[in-house]
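Chemist: Output the structure for:
(chains A and B)
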Amino acid sequence: MEAASSLMASPRKARLLQIAAVAIVYFLAARLGLVLAFENTNASPVWPPSGIAFAAVLIFGVRVWPGIAIGAFAANLVVFAGNHAASPAVIAFSSCSIALGNTIEALSGGLLGRRLFASLDPFDRARDVFKLLFVALLMCLTSATLGSASVCLAGIAPWTGYATIWFTWWLGDFAGVVILTPFLVASWKGAKVAWRPRRAMEAAALVVTLSVVGPAVFFGWFPDAPIRRESYLVIPILLWAVFRFGRREATAAVTVASGIAIWGTVRGFGPFSGGSLNESLLLLQAYVCVISVMTMSLSALLSERRRTEEELKAVNENLETRVRERTADVARANNDLRKINEDLRRRTSDLAQRNEEVEAFVYSVSHDLRAPLVNIQGFSRELELSVQALAGRLRDAALPPEIDREITEILAQDMPASLRFIVAGTGRSERLINALLLLSRSGREELRPERLDVEAIVRATLDALQQSIATKDAQVRVSSLPRAWGDVTAVGRVFSNLISNALNYRKAGRPGQIEIGGEERDEVNEYWVKDNGAGLSATAQERLFQVFQRFHPKLAEGEGMGLAIIKRLVERHGGRVWAESEEGSGSTFHFSLPATGGRREQA
Amino acid sequence: MMADRGEMDIVVVDDDEGHTELIRRNLRRIGVTNSIVTLDSGQAALDYVFSTGSHAGRPQNGYLLILLDIKMPGACDGVDVLRRIKADPVKKRIPVIMLTTTDDPREVKRCYDLGCSVYVTKPVEPLAFIEAIRRLGLFLAIVNVPPEGGTSS
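Modeler: The predicted model follows:
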C-alpha cells in the first residue's frame, strides 16, 4: 500500500493501484488466515482480511471497495474450489455473497467510523478506541450473518451448525479488526519515533524479550515448566512497548504477540489448548481481544496525556509571551507617564518662573506708576499752600478793586477747583493701581486649604460689617451652611465682598434683605448670597466677572475689581462662581467650593 | 527740633527730583532746620557716605541721617546702598530710613533684614505724605544718632 501511494502518477491511476493493492493484500491475508485455522478445519480464530479491509477504508476512503470485493471473492473462490465443496455455480454464488458481506462489513465500518471518530486516526483518543470497539462489533455482524448463511445455503455446512459458525465468524472478524486495523492505521499515520542508538537498542531488547517469552508460553518450549500456562507474562512486554515507544510499535507488538498466541494455540500448545476446539477458540479470541484493547486504550490515553501536556505547554508559553507583552506594555506606559511627568514638572517650573516675572513686573509697574502720582499730588498740595499764601498776601495789598476781584476769584475758586480735580483724578489712579495689585496678589498668594467652618467665617464677616449693616438698615438671614475645604482668608474675602456688594447696591426706597445659604452637593458644596437690591441687566451680567466693571457707580465707591477677585479666588479652589439677577428685583451670587480635600489647587 | 544737634546732616537719596523737593519742603515746613543734602543716585550716596569719587575729601566729623529711596535706576539701587553701609563696621551705625512707593511685604522684610532703621511708604495722598514725614521728624527727635566718624557724642 505504501508502494502504491508513492507511485501516484495521476489520481485515477493511483486509485486503480490502490484497489489492486488492496485486492492482492486481501487475498494474501485470507490465505494467511487459513494457515492460522485449526488443523483440519476452516475455523480461523482471527480473520486478518477484515482488519485489512477496514484499515484500507479508513486510510483511503470508501472508493477502495472494489479491491475488497475482488480480494474476498477470489480468496473464497480459491478455498471452495480447492475443497471441491460444491458445484461451481454454488461456489461462485457463495463466494459472491461472502465477498458482498465482507465488503459491506468494511464499508459500514468505515462510514460509521468516519462519522463517530473525532479524527481520521481513531486510535489517538481513548473515547475513539471504545467507539472503534463498538463499530467493530457492529460491522462484523453483516459479514458473519451473510457468510454463515451462504455456507449453509451452499450446503458446505449444515444448518444446525449455523449458530456456531456465525459466532466463530463474527469473533474471528472482530479479532482481525481489533488486532490489525490499529497497527495498520498507526503505521500509516502514527507519529514517528526518533530512532537514536539507545532507543534502537531498547527496541531490540523488546523484540528479543517478546520473541523469547511469547513462544515460551505459547509454543510449549518448556513443557514441564510452570511458565507454559502463564499467558499474562506477555502483558508486561506490551506495557513496555506502550510506555516506551509510539503507538505503531505498541500495536506491532500486539500483532506479533497475537500471532504467536494464535500460532501456538492452533498447533495445540499453550494455555488455551487442551479443551475442545470451540473452547480453545473462544479463550484465544478473548485473550487476543483483551491484549489488543488494553494496549490500544492505554496507548490512546498516553497519547491524550502527551497532547494535553503539549497544549498546556503551548498555553503556558502563550501565557508567558502575553505576560511579557503586558509587562512591556506596562513598562512603555510607565515610560510615557514619566515623560508626561517630566513635561509637567518643566511646565510647572516654567509657570513658576512666569509667575515670578509677572510679580516683578507688577512690582515695577506699581512703583513706576505711583512715583509720578506722588509728585502730582504732593505739588498740588504745594500749589494749594501757595494759593493760600497768595490769597493772604492779596488781602494786605491795596490793589484796584477790579483787579483785586478778578485775582480773588482766580485764587478762591478757579485754582482750588482745578487742584481738586487734579487731586481727585490722581486719587482715582492710585486706587486703580492698588486694586490691580490686589488682583495680582489674589492670583499668586499661597492658599492654605483646610476643613472650613463656613458658618463661623460668615459670622465673623457679618461682625466686621456690623456697622455698615446697621447704617444701611439691612436685614441679614443666614441658614445652615455645609463645611467646605479651602483657605479661610480667601473664603472670608469672597463672603465679605459679596455681602458688601449686597449692602451697597440696594434698590432705592426698599429695605435691604440679604439671605446667605448653602447646600451640599456631590463633591462640591454650593453657597449663595441673595439680595433684593438693584439687580443687573442681561448685558451687565455678561461682563460681571471682568476687571474694571462698574454697574452702579452712583450707589457706591469702587474700582470694579471685587467680582474679578472673587472669581479668581473661587476658581483657584477648584470651584466656580455665577450669578442670577433681574434688574430692579435683586441678584443671587452663587459659588462652589470642594466639599473635601484632595482636589488640587488650580494655578 | 533738631537745633540742639545742628551738626547733623540729612541726606536724601532719590532719583525723582520731585520727591526730594517734596521731602525737603515738608521737612522744612514741620520745622526741621538741619542742612539737607540731596543726591540722585545710589552711587552718589555711596560716594558721599564714604567720601569717595565726586565727594572725595568730604570731612567726616558730623552726624548723618539717610533717607534712601529703594528703587533707583543704575548699577546701584537703594537696597545695594543699604547693604554696603550696613556691611561697614563704622558706617553701619548711621540710621537709614527707607522710602519707597511700594508696600510689598517681602521688600519691607528684606530691608529690615539688612538693617534699615525705619521703612516708610511714600503715600500718594499729600496729607498722608506730610503725616509720614511728620512722624519721621518725631523719630529723628528721639533717636540718639552716633557721629558718623565713630566716636560717640
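
Chemist: which residues of the stretch 501-603 of chain A score low on pLDDT?
Modeler: By pLDDT under 70, the weakly predicted segments of the stretch 501-603 of chain A are A:548, A:553-559, A:598-603.

Chemist: Tell me which stretches of it form strands.
Modeler: A:513-520, A:524-531, A:577-582, A:586-594 (DSSP state E, counting those that start in this stretch).

Chemist: next one: chain B
Modeler: B:8-13, B:36-39, B:63-69, B:96-100, B:118-121 (DSSP state E).

Chemist: nearest to chain A, of those strands?
Modeler: strand B:96-100 (7.4 Å; CB to the nearest CB). C-betas here are computed from N, CA, C, even on glycine.

Chemist: shaky segments in the stretch 101-250 of chain A?
Modeler: A:120-123, A:190-194, A:223-229.

Chemist: interface residues of it facing chain B?
Modeler: Proximity of the stretch 101-250 of chain A to chain B (CB under 8 Å from any CB of the partner chain) involves no residue at all.

Chemist: And the strands in the stretch 101-250 of chain A, which stretches?
Modeler: Under DSSP E, counting those that start in this stretch, the stretch 101-250 of chain A gives no strands.

Chemist: got any ranges where the stretch 251-400 of chain A has weak pLDDT?
Modeler: For the stretch 251-400 of chain A, no stretch is flagged by pLDDT under 70.

Chemist: What confidence value was assigned to the closest residue to chain B within the stretch 451-600 of chain A?
Modeler: Residue of the stretch 451-600 of chain A nearest chain B, by CB to the nearest CB: A:Thr489 (14.3 Å). For A:Thr489, the model assigns a pLDDT of 87.

Chemist: For A:Val358, see how far away it is.
Modeler: 21 Å (CB to CB, to the nearest Å).

Chemist: Figure out how far stretch A:277-284 is from the centre of its chain.
Modeler: Offset of stretch A:277-284 from its chain centre (CA atoms, centre = their mean, to the nearest Å): 61 Å.

Chemist: So, low pLDDT: which residues of chain B?
Modeler: For chain B, the ranges with pLDDT under 70 are B:1-7, B:103, B:123-127, B:129, B:137, B:139-153.

Chemist: Following the chain onward from the helix or strand hosting A:Arg393, which element is next?
Modeler: Following DSSP states H and E, one finds A:Arg393 within helix A:277-396. Later in the chain than helix A:277-396, the nearest helix or strand by DSSP H and E is helix A:401-409.

Chemist: How far off centre is that following helix?
Modeler: With CA atoms, centre = their mean, you get 102 Å for helix A:401-409.

Chemist: same for that helix, what does it pack against?
Modeler: Packing partners of helix A:401-409 (3 or more CB pairs under 8 Å, 6 or more residues apart in numbering or on different chains; DSSP states H and E): helix A:277-396.

Chemist: so A:Gly220 touches A:Gly264, yeah?
Modeler: Yes - taking contacts as CB atoms under 8 Å, A:Gly220 lies within contact range of A:Gly264: 7.0 Å.

Chemist: who's more crowded, these two?
Modeler: Neighbours were counted for A:Gly220 and for A:Gly264 using other CB atoms under 10 Å in any protein chain shown; A:Gly264 has more, 23 against 15.

Chemist: Can you pull the residues of the stretch 301-450 of chain A lying near chain B?
Modeler: A:363, A:366-367, A:370-371, A:373-375, A:377-382, A:423, A:426-427, A:430.

Chemist: which among these end up buried?
Modeler: Buried subset of those (neighbour count, 16 or more other CB atoms under 10 Å in any protein chain shown): A:363, A:366-367, A:370-371, A:373-375, A:377-382, A:423, A:426, A:430.

Chemist: Which residue, other than its chain neighbours, is closest to A:Leu180?
Modeler: A:Gly51 (2.8 Å; CB to CB, 6 or more residues apart in numbering or on different chains).

Chemist: Okay, and the one you found sits in which element?
Modeler: helix A:48-60.

Chemist: Give me the residues contacting the next helix or strand after that helix.
Modeler: In the C-terminal direction, the helix or strand that comes right after helix A:48-60 (DSSP H and E) is helix A:65-83. In this structure, residues lying in contact with helix A:65-83 by CB atoms under 8 Å, 6 or more residues apart in numbering or on different chains are A:18-27, A:30-31, A:34, A:42, A:49, A:53, A:56-57, A:86, A:88, A:91-92, A:94-96, A:98-100, A:102-103, A:106-107, A:156.

Chemist: Drop the exposed ones from those residues and show what's left.
Modeler: Using 16+ other CB under 10 Å, the buried ones in the contacts of helix A:65-83 are A:18-27, A:30, A:42, A:49, A:53, A:56-57, A:86, A:91-92, A:94-96, A:98-100, A:102-103, A:106-107, A:156.

Chemist: Among those residues, which are located in helices?
Modeler: A:18-27, A:30, A:49, A:53, A:56-57, A:91-92, A:94-96, A:98-100, A:102-103, A:106-107 (DSSP state H).

Chemist: roughly how far apart are the residue of the stretch 451-600 of chain A closest to chain B and A:Leu319?
Modeler: When A:Thr489 is compared with A:Leu319 (using CB to CB), they lie 58 Å apart.

Chemist: Have a look at those two and say which one is more surrounded.
Modeler: The residue with more neighbours, out of A:Thr489 and A:Leu319, is A:Thr489; 13 against 10, by other CB under 10 Å.

Chemist: Wasn't that one part of a helix?
Modeler: Yes - with DSSP: H, G, I helix; E, B strand; the rest coil as the criterion, A:Thr489 is part of a helix.

Chemist: Next, the contact list for it, please.
Modeler: No residues are in contact with A:Thr489 under the rule CB under 8 Å, 6+ apart.

Chemist: Pull up the gap between it and A:Ala460, please.
Modeler: 11 Å.

Chemist: again, but for A:Ala204
Modeler: 105 Å.

Chemist: Settle it for me: which of those two has more neighbours?
Modeler: Taking other CB under 10 Å, A:Ala204 and A:Ala460 do not tie; A:Ala460 has more neighbours (15 against 10).

Chemist: Quickly find the element holding the closest residue to the more buried one other than its chain neighbours.
Modeler: Leaving aside its sequence neighbours, A:Ala460 sits nearest to A:Gly492 (CB to CB, 6+ apart; 6.8 Å). Of the helices and strands defined by DSSP H and E, A:Gly492 is found in helix A:488-504.

Chemist: Direction-wise, compare that helix with strand A:513-520 and give the angle.
Modeler: 140 degrees (axes from the mean of the first three to the mean of the last three CA atoms, to 10 degrees).

Chemist: List the buried residues of helix A:488-504.
Modeler: A:488, A:490-504.

Chemist: Convert it to CSV, retaining C-alpha atoms only.
Modeler: What follows is helix A:488-504, C-alpha atoms only, in CSV (Å, rounded to 0.1, in the frame of the first residue of the first chain):
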residue,chain,number,x,y,z
VAL,A,488,-10.0,80.6,55.5
THR,A,489,-8.8,84.1,54.5
ALA,A,490,-9.8,83.7,50.8
VAL,A,491,-13.2,82.3,51.6
GLY,A,492,-13.8,85.1,54.1
ARG,A,493,-12.8,87.6,51.4
VAL,A,494,-15.3,86.1,49.0
PHE,A,495,-18.2,86.3,51.5
SER,A,496,-17.1,89.8,52.7
ASN,A,497,-17.1,91.1,49.1
LEU,A,498,-20.4,89.5,48.1
ILE,A,499,-22.2,90.8,51.3
SER,A,500,-20.7,94.3,50.9
ASN,A,501,-22.0,94.3,47.3
ALA,A,502,-25.4,93.3,48.5
LEU,A,503,-25.3,96.1,51.1
ASN,A,504,-24.1,98.7,48.7
